[in-house]
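Colleague: sequence and computational prediction follow.
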Amino acid sequence: MQNTQNYIQKNKDKFLNELIDLLKIPSISADKAYITDVQNAAESVAQNLKNSGVENVQIFPTKGHAIVYGEKIIDANLPTVLVYGHYDVQPADPIELWTNPAFEPIIKVTEIHPEGAIFARGSCDDKGQMFMHVKAVEAMIQNNELPCNVKFMIEGEEEVGSVNLGTFISESKELLKADIILVSDTGMLSNDTPSITTGLRGLSYVEVEVTGPNRDLHSGLYGGCVANPINALTKMIASLHDENNHITVPGFYDKVQELSDNERNEMAKAPFSHENYCKALNITNVSGETGYSTPERGSIRPTLDVNGIWGGYTGEGAKTVIASKAYAKISMRLVPHQMPDEITELFQKHFESLAPDGIKVVVTPHHGGEPVVTPIDSLAYQAASFAYETTFGKKPIPVRSGGSIPIIALFEQILGLKTIMMGFGLDSDAIHSPNEHFGLFNFYKGIETIPYFYSEFTKLTKK
């Protein structure tokens with residue numbers, strides 16, 4: 001791998017400039033106004049794969065945004081790694097909170113990233129991390145050091161629930177045949193403490209609509225006489241947690257997997273600073289379910305959060321009105337063995353039951369995904385652990401993440417493949433928020449580490 005590593009060191013500037021070009025494309029999958037930009041991003045990813053030496057590069061259309069595929073098959077008898085990532089990004093809103101335009105990447109030095117970080121939407125989630133794999137494979141191909149076969153499947157709808165990816169993989173089982181799936185859409189504990197994600201929470205995402213009168217009303221003439229949808233909605237939402245921050249939806253915890261004391265003690269060995277955590281978020285204290293630590297609340301416990309709430313007049317000045325409707329978007333993060341369809345149904349029944357007289361409620365499910373836990377005794381995990389230890393100088397810690405990648409469970413269901421999650425981002429990288437960024441250290445370290453996974457995985461599977 002020495003030639004590969006030398007190539008990486010010599011081409012760092014080239015890799016960064018190519019990533020910057022990709023980050024300039026506002027590939028926002030949730031907004032139809034950006035449909036052309038999303039397509040442009042797919043074409044850019046395809047071209048980058050071709051330039052890196054990947055073959056059979058194709059752009060597969062779907063009912064939504066396209067899926068980019070490519071492969072480098074060197075020997076059918078060798079193991080095959082399927083790399084999954086996504087080129088779509090979250091909306092940049094609220095844009096006024098960005099210190100630079102979200103799609104005009106800049107490099108800035110920060111306390112956590114003294115060597116610099118690239119600030120742009122998608123820099124960490126997931127263009128920057130996906131691009132690490134393209135460049136790592138390029139380095140191996142260009143130096144004839146690719147030890148096994150590799151396939152790429154890069155989608156454009158992860159941020160909207162991967163609604164068409166399941167159909168694609170069901171119809172493309174032979175094309176996607178592999179031994180393991182490799183993903184970098186997660187993070188690690190810190191630049192000094194590498195970690196491998198071994199679990200992801202599932203997701204149930206819904207939108208609620210609360211309706212009162214058939215039109216907006218004058219708050220002076222009708223206030224106190226009819227149910228106010230905004231007042232009703234806020235009370236209904238407030239009742240979804242009790243005084244211990246326990247979710248009050250009946251049956252919500254029935255299938256929650258409770259970890260043993262030994263498992264919780266092992267989790268507690270991962271470094272965590274309450275002071276640094278609060279400082280990074282500019283908060284005075286943490287909050288969450290009673291009886292659990294902050295790392296546990298963010299990984300092994302289910303949650304329910306309001307992601308957006310609106311209704312009535314929000315413009316400049318005053319408008320004395322009782323709105324006809326109020327809305328909220330609510331997400332529930334799930335743990336083994338909670339199933340998203342079941343949780344959505346439980347929520348819907350409960351939320352409808354909370355409606356006071358004079359209020360009608362509609363709950364519209366959006367997307368969801370099942371929780372995932374991956375084994376730490378697999379050959380793929382051993383190979384990933386070896387790779388991190390080689391480049392970081394210390395063995396990575398297995399951790400569970402609070403995030404969700406709904407497609408991971410489908411990979412196992414449809415393709416019968418396990419997934420190894422080698423993330424290089426940090427919790428402080430502000431993914432989904434203004435000023436998202438990705439450390440140059442992390443970007444380059446990912447490119448340096450990934451080839452060692454390929455090498456070790458090939459050795460272990462050939463034994």
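Modeller: Now that the structure is in, tell me what you want to look at.

Colleague: strands of the stretch 1-150 of the chain, start to end?
Modeller: Taking DSSP state E, counting those that start in this stretch as the criterion, the stretch 1-150 of the chain carries its strands at 55-60, 67-72, 80-86, 106-108, 117-119, 149-155.

Colleague: okay, those strands in JSON lines with mean pLDDT, mean neighbour count and distance to Met132 next?
Modeller: C-beta: built from backbone N, CA, C; applies to glycine. Compiled in JSON lines, the strands of the stretch 1-150 of the chain are given as follows (pLDDT from 0 to 100; neighbours: other C-beta atoms under 10 Å; distance: least, C-beta to C-beta, whole Å):
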{"stretch": "strand 55-60", "mean pLDDT": "98", "mean neighbour count": "14", "distance to Met132": "18"}
{"stretch": "strand 67-72", "mean pLDDT": "98", "mean neighbour count": "23", "distance to Met132": "15"}
{"stretch": "strand 80-86", "mean pLDDT": "98", "mean neighbour count": "25", "distance to Met132": "9"}
{"stretch": "strand 106-108", "mean pLDDT": "98", "mean neighbour count": "14", "distance to Met132": "17"}
{"stretch": "strand 117-119", "mean pLDDT": "98", "mean neighbour count": "25", "distance to Met132": "12"}
{"stretch": "strand 149-155", "mean pLDDT": "98", "mean neighbour count": "25", "distance to Met132": "12"}
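
Colleague: now distance to Phe424 too, for the ones you listed, in JSON lines please.
Modeller: Below are the strands of the stretch 1-150 of the chain laid out as JSON lines (distance: least, C-beta to C-beta, whole Å):
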{"stretch": "strand 55-60", "distance to Phe424": "25"}
{"stretch": "strand 67-72", "distance to Phe424": "21"}
{"stretch": "strand 80-86", "distance to Phe424": "12"}
{"stretch": "strand 106-108", "distance to Phe424": "17"}
{"stretch": "strand 117-119", "distance to Phe424": "12"}
{"stretch": "strand 149-155", "distance to Phe424": "17"}
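
Colleague: buried ones in the one helix or strand in the chain whose mean pLDDT sits lowest?
Modeller: Here the helix or strand of the chain ranked lowest by mean pLDDT, DSSP states H and E is helix 261-267, holding a mean of 86. Going by neighbour count (16 or more other C-beta atoms under 10 Å), the buried part of helix 261-267 is Met267.

Colleague: ok, residues contacting that helix?
Modeller: 259, 295-296, 299-300, 399-400 (C-beta atoms under 8 Å, 6 or more residues apart in numbering).

Colleague: just the buried residues of those.
Modeller: Looks like the contacts of helix 261-267 have 259, 295-296, 299-300, 399-400 buried, using 16+ other C-beta under 10 Å.

Colleague: any idea which of those the model trusts least?
Modeller: Of all these, Leu259 has the smallest pLDDT value, namely 87.

Colleague: can you give me the helices in the protein?
Modeller: 2-10, 12-23, 35-51, 127-142, 165-171, 219-222, 229-238, 261-267, 274-281, 294-297, 340-353, 379-392, 407-410, 440-462 (DSSP state H).

Colleague: which of these sits closest to Phe119?
Modeller: Nearest to Phe119, of all the helices of the chain, is helix 12-23, at 9.5 Å by C-beta to C-beta.

Colleague: can you list the contacts of helix 261-267 in TSV and add distance to Ile420?
Modeller: Listed next are those as TSV, based on distance: C-beta to C-beta, whole Å:
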residue	distance to Ile420
Leu259	22
Pro295	22
Glu296	23
Ser299	18
Ile300	20
Val399	14
Arg400	14
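
Colleague: which two in those residues are spaced the farthest apart?
Modeller: Of all pairs in these, the most separated under C-beta to C-beta is Leu259 and Val399 at 13.1 Å.

Colleague: just the buried ones among the contacts of helix 261-267: which are in strands?
Modeller: Among those, DSSP state E puts 399-400 in strands.

Colleague: between the buried ones among the contacts of helix 261-267, which is nearest Met140?
Modeller: For these, the nearest to Met140 is Val399 (27.7 Å; C-beta to C-beta).

Colleague: average pLDDT for stretch 120-131?
Modeller: Per-region confidence: stretch 120-131 scores 98 on mean pLDDT.

Colleague: got the end-to-end distance for it?
Modeller: Using C-alpha to C-alpha, to the nearest Å, the end-to-end distance of stretch 120-131 comes out at 14 Å.

Colleague: which of the helices of the chain sits most buried?
Modeller: helix 127-142 (a mean of 25; mean count of other C-beta atoms under 10 Å).
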